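> Build the 3D model from these lines:
(4 chains)
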There are 2 protein chains.
Amino acid sequence: MVIQYAILGLLSRQPLAGYDLKKLFAEAETLYWSGNSNQIYRMLVKLHKDNFVTQEVHQQEDAPARKVYTITQAGKEALLTWLQTPPELPQVRNHFMLQLTWASQLNDADLEKLLTLYEEELRVKQMMIREQLQRDKGLAENLGNSRSRLLESRITERWLDYYAHELAWVQDLRQEIL
Amino acid sequence: MVIQYAILGLLSRQPLAGYDLKKLFAEAETLYWSGNSNQIYRMLVKLHKDNFVTQEVHQQEDAPARKVYTITQAGKEALLTWLQTPPELPQVRNHFMLQLTWASQLNDADLEKLLTLYEEELRVKQMMIREQLQRDKGLAENLGNSRSRLLESRITERWLDYYAHELAWVQDLRQEIL
DNA sequence: GCCGACATGTAATGGGTTACATGATTTA
DNA sequence: TAAATCATGTAACCCATTACATGTCGGC
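Next up, the predicted model:
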């Protein structure tokens, strides 16, 4: 139940409504959740029941009511405990690599097409992360302490580096086999 | 249903029993499946029903009977069709990165411990891939054509490169923040 | 006598996704 | 008038995992 801590983490910065969380997950290029409402709203109910968050209903005139959630002391402690749990290795599920494993069965044209499409997707993803980085820059400048800002920027750099290497690798491969 | 094509791919090389597939998935460091029997045996039944594989029961005296599956022409065509489908971006689920996002809430000792544990896991994984590479080398030398051997080695290199970069990145980070 | 390898399978559960449902307001 | 945004939530489904169930054989 990792999403639980992702939510607690976001709430540790500022109180948020389910809708806000949903958008944050959907927009975040480096978080892998789709931002589907099922998981989020259910988890918020659970977190509330566990007293990890408090709920405040904000009535609005021009829009539906917002349920704003604030992290509690117990919630902060749960987050801190999770931060101390031994890290797991990344789970990389690369469909393309699987295709490539058997791709010698393709003719040259189809193989090249496969590589080209993958390269394009990688470039699009790269651009999206770069754009998100630009958007976040303005907002995050004064948020958190210097260490958290440093971590955040190093993490984004790592993601960009990953996609850059993946791209360079495919391009090399193309050169070599076609 | 990606595992379907992973199975068909393996069967396109040689006929195999469910037990063989289970072991292959469990051992393969770069395939992300656990090799659990539920998925595999169910999928084999389905593939058989779809006429993508044929089943042959091999009775043995000293061990239980093996159900050996062989890919059919229809199965080969299904595999080929899948190979031509547009590739998807890798889904990287990195729990550690999530922890790190909020890790500025940890004290120096705990943060360092987190980094150290991650580094260790990365090194173990690296070694396991290298060992698998050694094991496979002997077996694969005469298997498949030269293009498939080239693809396979480039894919393994890419995985090793990924873990190497991840490791180098954590080490840099440690230097910078501690 | 227990453990691991061989070999096939089922049950229960967890985690995540898409699609659906509702209903108001703003924008093209 | 159709759509998108705001806001919360439910239903159905799929994929994957762990644990369980069964039975034989060989080695320590």
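> Show me which helix or strand of chain A is least confident by mean pLDDT.
helix A:108-140 (a mean of 92; mean pLDDT, DSSP states H and E).
> Could you report the neighbour count for A:K22?
When neighbours are defined as other C-beta atoms under 10 Å in any protein chain shown, A:K22 has 19 of them. Where C-beta positions appear, they are placed from N, C-alpha and C, glycine not excepted.
> Can you classify the residue nearest to the spatial centre of chain A by secondary structure?
Centroid-nearest residue in chain A: A:L31, 0.8 Å away (criterion: C-alpha atoms, centre = their mean). Here A:L31 is recorded as coil under DSSP: H, G, I helix; E, B strand; the rest coil.
> Quick check: chain neighbours aside, which residue is closest to A:L115?
Counting by C-beta to C-beta, 6 or more residues apart in numbering or on different chains, A:L115 lies nearest to A:R174, which is 5.1 Å off, once chain neighbours are set aside.
> and chain A, which residues reach DNA strand C?
A:1-3, A:32-34, A:36-39, A:62-64 (C-beta under 7 Å from any atom of the strand).
> could these be laid out in JSON lines, adding pLDDT, neighbour count and secondary structure?
Conversion of these to JSON lines gives the following (pLDDT from 0 to 100; neighbours: other C-beta atoms under 10 Å in any protein chain shown; DSSP: H, G, I helix; E, B strand; the rest coil):
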{"residue": "A:M1", "pLDDT": "86", "neighbour count": "9", "secondary structure": "coil"}
{"residue": "A:V2", "pLDDT": "94", "neighbour count": "14", "secondary structure": "helix"}
{"residue": "A:I3", "pLDDT": "97", "neighbour count": "16", "secondary structure": "helix"}
{"residue": "A:Y32", "pLDDT": "93", "neighbour count": "17", "secondary structure": "coil"}
{"residue": "A:W33", "pLDDT": "95", "neighbour count": "17", "secondary structure": "coil"}
{"residue": "A:S34", "pLDDT": "94", "neighbour count": "11", "secondary structure": "coil"}
{"residue": "A:N36", "pLDDT": "95", "neighbour count": "11", "secondary structure": "coil"}
{"residue": "A:S37", "pLDDT": "95", "neighbour count": "12", "secondary structure": "helix"}
{"residue": "A:N38", "pLDDT": "95", "neighbour count": "8", "secondary structure": "helix"}
{"residue": "A:Q39", "pLDDT": "96", "neighbour count": "18", "secondary structure": "helix"}
{"residue": "A:D62", "pLDDT": "73", "neighbour count": "4", "secondary structure": "coil"}
{"residue": "A:A63", "pLDDT": "76", "neighbour count": "9", "secondary structure": "coil"}
{"residue": "A:P64", "pLDDT": "80", "neighbour count": "8", "secondary structure": "coil"}
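> Show the overlap between those and what lies near DNA strand D.
Filtering the residues of chain A next to DNA strand C for neighbours of DNA strand D using C-beta under 7 Å from any atom of the strand leaves A:36-38, A:63-64.
> Counting neighbours, what do you get for the residue of chain A found nearest DNA strand D?
Nearest residue of chain A to DNA strand D, counting by C-beta to the nearest atom of the strand: A:Y19, 2.9 Å away. Using other C-beta under 10 Å, the number of residues around A:Y19 comes to 16.
> between the ones next to DNA strand D among the residues of chain A next to DNA strand C, which is closest to B:E152?
Nearest to B:E152, judged by C-beta to C-beta, of these is A:N36 at 36.3 Å.
> contacting residues for the closest one?
Contacts for A:N36 (C-beta atoms under 8 Å, 6 or more residues apart in numbering or on different chains) come out as A:K22.
> Got the phi and psi for it?
With angles defined as degrees, to the nearest 10, A:N36 sits at phi -80, psi 140.
> and what of A:R93?
Here is the backbone geometry of A:R93 (degrees, to the nearest 10): phi -110, psi 100.
> Before we move on, what's the pLDDT of the nearest residue to it once chain neighbours are set aside?
Spatial nearest neighbour of A:R93, chain neighbours left out: B:Q91 (4.5 Å); criterion: C-beta to C-beta, 6+ apart. Here the pLDDT value assigned to B:Q91 is 95.
> OK, contacts around B:Q91?
Neighbours of B:Q91 in contact, by C-beta under 8 Å, 6+ apart: A:32, A:91-94.
> pLDDT value on the residue of chain A closest to DNA strand D, please?
Here the pLDDT value assigned to A:Y19 is 97.
> For whichever helix or strand comes after the least confident helix or strand of chain A, give the mean pLDDT please.
Sequence-wise, the next helix or strand downstream of helix A:108-140 (DSSP states H and E) is helix A:146-177. Averaged over helix A:146-177, pLDDT sits at 96.
> Just the buried residues of helix A:146-177, please?
A:148, A:151-152, A:154-156, A:158-160, A:162-163, A:166-167, A:169-170, A:173, A:177 (16 or more other C-beta atoms under 10 Å in any protein chain shown).
> any idea how far B:L98 is from the residue in chain A that DNA strand C sits nearest to?
Going by C-beta to the nearest atom of the strand, DNA strand C is nearest to A:N36 of chain A, at 2.8 Å. Remark: distance between A:N36 and B:L98 (C-beta to C-beta, to the nearest Å) = 18 Å.
> A:T70 now?
21 Å.
> Can you tell me which residues in chain A are near DNA strand D?
Checking chain A against DNA strand D by C-beta under 7 Å from any atom of the strand, the hits are A:17-20, A:22-23, A:36-38, A:41-42, A:44-45, A:60, A:63-68.
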